[in-house]
Every structure is written in C-alpha cells, then in structure tokens.
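Q: A predicted structure for the sequence below; I have some questions about it.
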Amino acid sequence: MDKSESIIKLAEAFAKAQAKITGAVKDKANPFFKSSYATLESVVDTIRPVAALHGLSFIQVSHDIANSAAIETIILHESGEWLSTGIVSVPVSKNDAQGFGSALTYARRYSLSAAFGVAPEDDDGNEATKAKPDTKTPPFDLEAASKAIENTTTKAKAKEVMLSYLPTLAAANDTETAAKLKAVLIAHGAFIDQAEKVES
C-alpha cells in the first residue's frame, strides 16, 4: 500500500468525511439494462464538497496496461499526507476511442467510489464489460476475504490478496464490499507497521 510516511491526520479527516458522504444520485438511464445509474460526475459531486470540508481532495492517475483502462485514485490531505487506494484495471471491450473512453470512465468511477465508500449503481461498466450481472453467482464471502488479508505477514502480500478479489467484485458491481476490503487492508497495513516497530 503506497502512502506518505504518516497518515494520521488523513485518516482522522477521512473518517469524519466518510461518515457524511451519501450514495451518489442515479442521474442517468441505461435503456439496454433498463436501469438508472450514477455517472462519474454524480460520484464526484457527491464526494468533493464533503471531502473539501475536511481538508481532503483526490487525484486520479492513468496507468499504461495493455488492452485495459487502468486508474489509480490517490487521496490527499491538506497536511501533505496522502494514500493510494491501488490500481483499478478494466478491460477495453472495443479497440477504438469509444471503447477505451467507456472503460476509462468506468475505471475512474469504480476506483473513486471504492476509495470513498460510495455505492452507486453501475452504468457504462455494462458497455465496458459487455456482460449482464450473473444472478446465480453466490454472495461474496467478505469474512473469508478479510481473514485472508489479515493472515498475510507483509503489506505487499496483503495488497496482492486484496487485488485478487477486485475482478470478482467489479463483475458484481459491488463497490460497497470493495470499500470494506480496502478498509481491512488499510487497518492490516497499520498493524504490520506497528508490529515492525515493536520488533525493531
């Protein structure tokens, strides 16, 4: 997990902000899936005002991954502290500007929603993945996934385990569970840091 040397002030501000952030407004219709969804603009509008009140902001960095749109959301605090929430990679379904743009928008929204725990309904992720939700898929075992992360002994391994679950959660459009897993990862990373200090 990439972060500044300390995230004490960031974590305090983030906890206060997250408690006040609501779900994003579903402001657009998807006629193909006959559903409504929250656009990237809606997610940003939901997060930015509350985050700003607590000295928080964010940037989204694009990464070069073949046949994918890859976005990393980094949360910033006015103190200079920062925390990367990892890279979200979405396959590009069509090798043209429209296909890439659709996947990039989905990656940006999914990454930002997961970072701040916002749970809007899916939109152009349907276009990006070209797959309808599988209603027969069993529910995700959050407890087992959390234990798998907590059983790791290094932050690198913990992050690796966390990232292994993201494709499944992305396919199910489950940003809320992804946010909970990220919280487990952050907490376990802090535990490992403290353990290393004790040992040294």
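A: Yep, that arrived.
Q: isn't residue 44 right up against residue 112?
A: Yes: if you go by CB atoms under 8 Å, residue 44 and residue 112 touch, sitting 7.1 Å apart. C-beta: built from backbone N, CA, C; applies to glycine.
Q: compare those two (neighbour count), which wins?
A: When neighbours are counted by other CB atoms under 10 Å, residue 44 and residue 112 differ, and residue 112 comes out ahead with 26 against 18.
Q: what helices and strands are in contact with the one helix or strand residue 88 maps to?
A: Using DSSP states H and E, residue 88 sits within strand 82-91. Secondary-structure packing of strand 82-91 (3 or more CB pairs under 8 Å, 6 or more residues apart in numbering; DSSP states H and E): strand 68-77, helix 97-116, helix 125-129, helix 155-171, helix 175-199.
Q: let's see that with 10 Å instead.
A: Judged by 3 or more CB pairs under 10 Å, 6 or more residues apart in numbering; DSSP states H and E, strand 82-91 is in contact with helix 8-20, strand 56-63, strand 68-77, helix 97-116, helix 125-129, helix 155-171, helix 175-199.
Q: got the angle between it and helix 97-116?
A: For strand 82-91 against helix 97-116, the angle by axes from the mean of the first three to the mean of the last three CA atoms, to 10 degrees is 140 degrees.
Q: restrict strand 82-91 to CA atoms and write it as CSV.
A: Extracted in CSV, the C-alpha atoms of strand 82-91 (Å, rounded to 0.1, in the frame of the first residue of the first chain):
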residue,chain,number,x,y,z
TRP,A,82,-1.5,11.0,1.0
LEU,A,83,-2.8,7.5,0.4
SER,A,84,-3.0,5.5,-2.8
THR,A,85,-6.0,3.2,-3.0
GLY,A,86,-4.4,1.0,-5.6
ILE,A,87,-5.0,0.5,-9.4
VAL,A,88,-8.3,-0.5,-10.8
SER,A,89,-7.9,-2.1,-14.3
VAL,A,90,-10.9,-2.5,-16.6
PRO,A,91,-10.6,-4.5,-19.9
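Q: what mean pLDDT would you report for it?
A: Averaged over strand 82-91, pLDDT sits at 93.
Q: ok, now stretch 7-25?
A: Stretch 7-25 comes out at a mean pLDDT of 86.
Q: list the buried ones in it?
A: Buried residues in stretch 7-25, counted by 16 or more other CB atoms under 10 Å: 7, 10, 11, 13, 14, 17, 18, 21, 23, 24.
Q: ditto for stretch 69-88
A: In stretch 69-88, counting by 16+ other CB under 10 Å, buried: 69-77, 81-88.
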